[in-house]
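Novice: Pasting the sequence and the predicted coordinates here, then a few questions.
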Amino acid sequence: MIERLTKETLLKAYAADNILKAVADLDNSDVAKFEELLALNTYMTAAEVVELCQRNPKWGELAAEKFLQQKAHTITDDDVTELGYHNQEYGNRALKVYTSNFIPTASAIEKMVSARKDLGRQALDALLAKPNYISVMDILTLSKLDYVWARQAFEAFYEEKRSKNIKIEVEDIVRLNEADAKWGRKAQRLWGAVG
């Protein structure tokens with residue numbers, strides 16, 4: 001009895017911080033026990049979710065749901081990318097949580113594209129929806145990734161600055177010109193804007 005009690009206590013302790021350790025000896029078909037241990041979990045990584053998915057799809061689904069709840073306000077672009085590599089649906093769900101709290105940068109979009117291009121495109125759409133957050137650095141990073149995406153970002157950036165009569169720095173005009181001469185010429189119109 002004491003041995004069993006100790007093992008059960010140890011499992012519960014592991015479940016709080018290291019779900020993989022807690023389920024290491026658990027039969028893959030024991031979903032009820034997995035759910036019990038998962039309910040005790042207070043911290044999980046995207047890598048652990050992926051590993052659980054590989055071990056048992058039902059466990060992975062439950063773990064992904066718990067993970068997205070735990071990370072509702074702290075999810076990172078790395079988490080989205082990790083889940084996106086493994087499973088498109090989990091990546092899309094993670095991106096939805098991410099974009100409800102954060103505006104993706106071009107570097108975050110670049111990471112997500114490395115997992116799945118459509119995941120990166122969805123992140124770009126979230127950035128384009130908030131043009132006041134688009135920076136020259138975002139445009140330059142996107143120009144190395146996908147010219148059409150960079151052009152869309154530049155046009156949104158330009159319209160946002162033009163409509164609000166916001167002046168941009170000469171250095172930004174030079175950088176945009178180096179990426180695309182047409183962007184540089186168009187951006188020159190923003191240099192004379194009165195802020």
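Specialist: Here it is on my side, so go on.

Novice: which residue sits closest to the residue nearest in space to the middle of the chain, ignoring its sequence neighbours?
Specialist: Taking CA atoms, centre = their mean, the centroid of the chain lies closest to residue 77, which sits 2.9 Å from it. Nearest residue to residue 77, sequence neighbours excluded (CB to CB, 6 or more residues apart in numbering): residue 108, at 3.7 Å. Every C-beta, even on glycine, is put in place using the N, C-alpha and C of the backbone.

Novice: So that neighbour versus residue 122, what's the distance?
Specialist: 12 Å (CB to CB, to the nearest Å).

Novice: of those two, who's got more company?
Specialist: Taking neighbours as other CB atoms under 10 Å, residue 108 and residue 122 compare with residue 108 leading, 25 against 20.

Novice: ok, residues contacting the helix or strand in which that one is found?
Specialist: Using DSSP states H and E, the element containing residue 108 is helix 106-115. Helix 106-115 is contacted from outside by 77-78, 80-82, 84-85, 91, 95, 104, 119-121, 123-124, 127, 137-142, 145-146, 149, 153, using CB atoms under 8 Å, 6 or more residues apart in numbering.

Novice: Name only those of these that count as buried.
Specialist: Buried subset of those (neighbour count, 16 or more other CB atoms under 10 Å): 77, 80-82, 84-85, 91, 95, 104, 119-120, 123-124, 127, 138-142, 145-146, 149, 153.

Novice: Now, those that are in helices?
Specialist: If you go by DSSP state H, the buried ones among the contacts of helix 106-115 have 77, 80-82, 84-85, 91, 95, 119-120, 123-124, 127, 138-142, 145, 149, 153 in helices.

Novice: can you give me the offset of the helix holding residue 108 from its chain's centre?
Specialist: Offset of helix 106-115 from its chain centre (CA atoms, centre = their mean, to the nearest Å): 8 Å.

Novice: before we move on, what about stretch 19-28?
Specialist: The chain centroid and the centroid of stretch 19-28 are separated by 27 Å under CA atoms, centre = their mean.
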